[in-house]
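*Asks:* just a sequence and a predicted model for now, questions to come.
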Amino acid sequence: MKTLCLTLGLLLIVFYSLGISTFPGNCCFHFRGMELPDKRVTYITKTHISCPKKGFIIHTVTGRQICFNQSSVWAQRIYTQIHNSDGSGWWK
């Protein structure tokens, strides 16, 4: 009986940890329509690939995270400038 309880407990822990590791952490469900002043943006990331809605997550100087739709031209421009591989963008 102890072995059965131990086995079931271990299986429960394994399945629980698998569920946590596959859950996408950064998803957006509501998107902001208005642009922010560029100087308010500290960083930008894309939503996780398994999120139902694709978008950008803007990190602001006040520590907020604001979602923008992936089709937002403004968000695409900010993303390109920050993640520019040649380093010639205006970003810090």
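*Replies:* Arrived safely.
*Asks:* and the strands in this protein, which stretches?
*Replies:* Counting by DSSP state E, the chain has strands at residues 41-46, 55-60, 65-69.
*Asks:* and the ones you listed: which comes nearest residue 82?
*Replies:* Of all the strands of the chain, the one in closest proximity to residue 82, counting by Cβ to Cβ, is strand 41-46 (5.5 Å). C-beta: built from backbone N, CA, C; applies to glycine.
*Asks:* geometric centre of this protein: which residue is closest?
*Replies:* residue 26 (3.2 Å; Cα atoms, centre = their mean).
*Asks:* next up, the contacts around that residue.
*Replies:* The contact partners of residue 26, by Cβ atoms under 8 Å, 6 or more residues apart in numbering, come to 45, 47-48, 51, 57.
*Asks:* residues near residue 51, how many?
*Replies:* 15 (other Cβ atoms under 10 Å).
*Asks:* mind listing what the residue nearest to it when sequence neighbours are not counted touches?
*Replies:* Nearest residue to residue 51, sequence neighbours excluded (Cβ to Cβ, 6 or more residues apart in numbering): residue 27, at 3.8 Å. Residues counted as contacts of residue 27 (Cβ under 8 Å, 6+ apart) are 47-48, 51-53.
*Asks:* now list the buried members of those residues.
*Replies:* residue 47 (16 or more other Cβ atoms under 10 Å).
*Asks:* which one of the contacts of residue 27 sits closest to residue 69?
*Replies:* Nearest to residue 69 out of the contacts of residue 27 is residue 53 (Cβ to Cβ; 8.0 Å).
*Asks:* residues in contact with that closest one?
*Replies:* For residue 53, the contact set (Cβ under 8 Å, 6+ apart) comprises 27-29, 31, 47.
*Asks:* farthest-separated two in those?
*Replies:* Within the contacts of residue 53, two members stand farthest from each other by Cβ to Cβ: 27 and 31, at 11.6 Å.
*Asks:* check contacts around residue 32.
*Replies:* 66-68.
*Asks:* out of those, grab the one that's most surrounded.
*Replies:* The residue in the contacts of residue 32 with the most neighbours, by other Cβ under 10 Å, is residue 68 (23 neighbours).
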